[in-house]
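Trainee: Structure, please.
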Amino acid sequence: MRKSEKLVFLRKHWLLALVIALALGVNLFIPERGEVLNQTIWHYLVEMLSFIPPVFVLTALLDVWVPRRIVEGNIGPGTGVKGIIITIITATSAAGPLYVAFPIALTLYRKGAKVSNVVLFLHAWGTIKIPMVLNEIRFVGFDFAIARLLLTLPAIIAISLVVEKIIKVIEPAPGMLED
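Mentor: As a prediction, the model looks like this:
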């Protein structure tokens, strides 16, 4: 690998390199903490590897099987309240950690979903999934869970609309959405 290729590689992967360096440092200088760190890394790696492949398969199927016109017609520009409702229902009925939602959100965006609905999809996935609300009711009570839900919903809708106004995406930066 030439020097310029190494620099490009490091620019692209500097955060990964930093994490690896820190993990090695912890293992060398604080071995008892290194064991805990290694177990945690292994746990999350196994969890991610169990979720990511099926998500990529589902995302590819979404990309192939769902026509662009369906996405545009339901959550694309000009869908208004209907698009917001469909986005919220879709995201709240999903399962899995938040990092699973990102490839799906990217596919929706590529298929013509409005930016605010993509942002809303990510917010709803992360904050108001149905299983999460049911667990919340069990642990903190019905009144608190419903109050939080009633405050969260308008907030994430407003945030998604504001983000779309701020971004004003007309065309993504070159290479941003390429495979």
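Trainee: How about the residue nearest the centre of the chain, nearest residue that isn't a chain neighbour?
Mentor: For the chain, the residue sitting closest to the mean C-alpha position, by Cα atoms, centre = their mean, is residue 102 at 3.2 Å. Here the nearest residue to residue 102 in space, its sequence neighbours aside, is residue 122; by Cβ to Cβ, 6 or more residues apart in numbering that works out to 7.4 Å. (C-beta placed from N, C-alpha, C; glycine too.)
Trainee: wait, what's in contact with the one you found?
Mentor: Contacts here follow Cβ atoms under 8 Å, 6 or more residues apart in numbering; on that basis residue 122 touches 91, 98, 101, 102, 105.
Trainee: pLDDT wise, what is the fourth one at?
Mentor: In this case it means residue 102. Predicted confidence (pLDDT) for residue 102: 93.
Trainee: how far away is it from residue 17?
Mentor: From residue 102 across to residue 17, the span is 22 Å (Cβ to Cβ, to the nearest Å).
Trainee: Same check on the last one?
Mentor: Here residue 105 is placed at a distance of 27 Å from residue 17 (Cβ to Cβ).
Trainee: who has more neighbours, those two?
Mentor: A side-by-side neighbour count of residue 105 and residue 17, using other Cβ atoms under 10 Å, places residue 105 first with 20 against 12.
Trainee: circling back: now the residue nearest to residue 102: which helix or strand?
Mentor: helix 115-127 (DSSP states H and E).
Trainee: can you pull the alpha-carbon coordinates of that helix into PDB?
Mentor: Taking C-alpha atoms only, helix 115-127 is exported to PDB below (Å, rounded to 0.1, in the frame of the first residue of the first chain):
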ATOM      1  CA  VAL A 115     -36.600  14.200   4.100                       C
ATOM      2  CA  SER A 116     -38.900  15.100   7.000                       C
ATOM      3  CA  ASN A 117     -40.500  11.600   6.900                       C
ATOM      4  CA  VAL A 118     -37.100   9.900   6.900                       C
ATOM      5  CA  VAL A 119     -36.100  12.000   9.900                       C
ATOM      6  CA  LEU A 120     -39.400  11.300  11.600                       C
ATOM      7  CA  PHE A 121     -39.000   7.500  10.800                       C
ATOM      8  CA  LEU A 122     -35.700   7.600  12.700                       C
ATOM      9  CA  HIS A 123     -37.100   9.600  15.600                       C
ATOM     10  CA  ALA A 124     -40.200   7.400  15.900                       C
ATOM     11  CA  TRP A 125     -38.100   4.200  15.700                       C
ATOM     12  CA  GLY A 126     -35.800   5.400  18.500                       C
ATOM     13  CA  THR A 127     -38.400   6.900  20.900                       C
END
